[in-house]
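Asks: sequence first, then the predicted structure:
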Amino acid sequence: MPSGTYATTQRRGAFGPSAEVAHRDRPELSGGTELRTGAFGLRPFTEADIPAVVGLASTVFADNAWPSPNDCAAHVRDVFFANPWRDDELPSWVAEDGRGVSGFCGVVPRRMAFRGREIRVAVSTAFMVHPRARSNLTALALAQKVLTGAQDLTLTDGATPDACLLWRRVGGAVPPLYNLHWIQALRPASCALTLLTQRSRAVRVASLGIRPFADLADALWTRARRNGARREELDLIDRPLSGADVAEHVAAVAAGHELVPLYDAGSLDWLLERLAMDPRNGTLRARAVLRGNKLVGWYIYYACPGGIGEVVQVAARDSAHDALWARLLQDASRQRVAALRGRLQPETTESMACRRSWLRLGGPHLLVHSRHREITNAIQRGSAFLSRLDGEWWIRIATG
């Protein structure tokens, strides 16, 4: 374990002044002093560290797809120093040894409410340690430094199995409901072919000749289903989704959950813009769904013709879950998406079950940590409105 002084202090926060916070003394937040831990030190991440962190990412994630280090550096600067939630009390952290930056753990602050009271959330992302530092305690020290910050809740949703082991070691949880991933086939032959090409290079080469036959099979299957819109869906219309839509209606669609995100129009527009700029998964489709003049929900996903469309968030009022889910599937079908894929939002389970979506338990994993047991327990029982919009899924430092 890294050395350092621990203290128990009183902090006034969402849970009142009696909430005890066990954390390290943090002179670095007021005076910029490094915390030395044996052969390495930890300190807050600064803009001057960006080139070193980009170099570390290229070493740790050698197969990333960034066109150039400058592109990666611009993204890092945008995510950590230009995001609308930036909070100097919730910094990202770097580890240094005698040869330079040896580790990094990014933090993006977010705002949520627990049982109606605002709490501070730290989204942990881009956790990486140089191979030369993996024999010491760099990873554990970075994790502990982030988790003992000023936030009420820490979460990450891009974790590997190794990260899960480390997370549990420092007192975190891996909630099963939010680690279920689903896939809904819309064009079964193309879906199967796409999934196979992701696993085998030989199939990727052969798929060029197989694809026309898969398209034909899907056309015949779609015609045979004759999947017309049901009467309750005929009066729905959709239009482009704005940050203001989400900010105004999130309380209604998340009603009944103990933990809900706090959105505002400006930060949501910023985030939707970043999602639209990401070319990896296709074209972003962010649509508000209305019945008459009343907004009943929205969906956000990537349309990838002939491929797998990644779903970012689905939100609906209680009476509209099934109709909104059907609307999403119809839109994806019109975009010629082979299948939709996403992480389970517990409130959508019934609508998905009716359509025989496939479920699997596994990664990338969502992990949570809180000094307040009631927050962790609420997430464990599925009483949190959490989607890919609220974690690190959209931050692509490792992949480009």
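Replies: Yes, it's here.

Asks: so where do the helices sit in the stretch 301-400 of the chain?
Replies: Assigned by DSSP state H, counting those that start in this stretch, the stretch 301-400 of the chain shows helices spanning 321-334, 349-354, 373-380.

Asks: revised request: answer the last question for the stretch 151-300 of the chain.
Replies: Counting by DSSP H, counting those that start in this stretch, the helices of the stretch 151-300 of the chain are 161-169, 188-197, 201-225, 243-253, 265-277.

Asks: can you tell me which of the ones you listed the model trusts least?
Replies: Comparing mean pLDDT over these, the weakest stretch is helix 201-225, at a mean of 57.

Asks: from the helices of the stretch 301-400 of the chain, which stretch is densest packed?
Replies: Stretch with highest mean neighbour count among the helices of the stretch 301-400 of the chain: helix 321-334 (a mean of 20; mean count of other CB atoms under 10 Å). (Each C-beta comes from the backbone N, C-alpha and C, glycine too.)

Asks: outside of stretch 65-83 itself, list whatever touches it.
Replies: For stretch 65-83, the surrounding residues in contact (CB atoms under 8 Å, 6 or more residues apart in numbering) are 45, 47, 50-51, 53-55, 57-58, 64, 86, 92, 106-109, 270, 274, 280, 395-397, 399-400.

Asks: are any of those buried, and which?
Replies: Applying 16 or more other CB atoms under 10 Å to the contacts of stretch 65-83, the neighbour count classes 45, 50, 53-55, 57, 92, 106-109, 270, 274, 395-397, 400 as buried.

Asks: now, these that are in strands?
Replies: Counted as lying in strands by DSSP state E, out of the buried ones among the contacts of stretch 65-83, are 106-109.

Asks: low pLDDT regions in the chain?
Replies: Counting by pLDDT under 70, the chain shows low-confidence ranges at 1-38, 188-191, 193-234, 354, 400.

Asks: tell me who's in contact with the closest residue in space to residue 364 that isn't next to it in sequence.
Replies: Nearest in space to residue 364, with sequence neighbours left out and distances taken as CB to CB, 6 or more residues apart in numbering, is residue 158 at 4.6 Å. With contact taken as CB under 8 Å, 6+ apart, residue 158 is in contact with 125, 364-365, 391-393, 395, 398.

Asks: wait, which of those residues is closest to residue 261?
Replies: Of all these, residue 261 sits closest to residue 391, with 10.3 Å by CB to CB.

Asks: ok, which of the helices of the stretch 301-400 of the chain comes nearest residue 148?
Replies: Distances from residue 148 to each of the helices of the stretch 301-400 of the chain were compared using CB to CB; the shortest belongs to helix 373-380, at 15.8 Å.

Asks: which secondary structure elements does that closest one contact?
Replies: Contacts defined by 3 or more CB pairs under 8 Å, 6 or more residues apart in numbering; DSSP states H and E place helix 373-380 against strand 100-114, strand 259-261, strand 365-369.

Asks: and of those strands, who's closest to residue 321?
Replies: strand 259-261 (16.5 Å).

Asks: run through who's touching the closest one.
Replies: Contacts of strand 259-261 from elsewhere in the structure, counted by CB under 8 Å, 6+ apart, are 110-114, 153, 250-251, 254, 375, 378-379, 383-386, 389-390.

Asks: now swap in stretch 349-361 and tell me
Replies: Surrounding stretch 349-361, the residues in contact under the criterion CB under 8 Å, 6+ apart are 176, 179-185, 321-322, 325, 329, 344.

Asks: care to break the chain down by domain?
Replies: Each structural domain of the chain that the record assigns through automatic domain parsing is listed here as a residue range: 6-151, 181-361.

Asks: pull up the distance across the last one, start to finish.
Replies: Spelled out, it's domain 181-361. The separation between the terminal residues of domain 181-361, taken as CA to CA, to the nearest Å, is 6 Å.

Asks: for the contacts of stretch 349-361, which one is nearest residue 308?
Replies: Sorting those by distance to residue 308 puts residue 183 at the head of the list, at 7.5 Å, by CB to CB.

Asks: right, and that closest one touches residue 340 too?
Replies: Yes: taking contact to mean CB atoms under 8 Å, the distance of 7.1 Å between residue 183 and residue 340 places them in contact.

Asks: these two: which is more packed in?
Replies: Set side by side, residue 183 and residue 340 give different neighbour counts by other CB atoms under 10 Å, the larger being at residue 340 (27 against 16).

Asks: with residue 253 as the reference, measure out to the more buried one.
Replies: Taking CB to CB, to the nearest Å as the measure, residue 340 and residue 253 are separated by 19 Å.

Asks: list the contacts for residue 146?
Replies: Contact analysis of residue 146 by CB under 8 Å, 6+ apart lists 93, 105, 107, 122, 124, 154.

Asks: before we move on, what about residue 302?
Replies: The contact partners of residue 302, taken as CB under 8 Å, 6+ apart, are 281-285, 309-310, 312.
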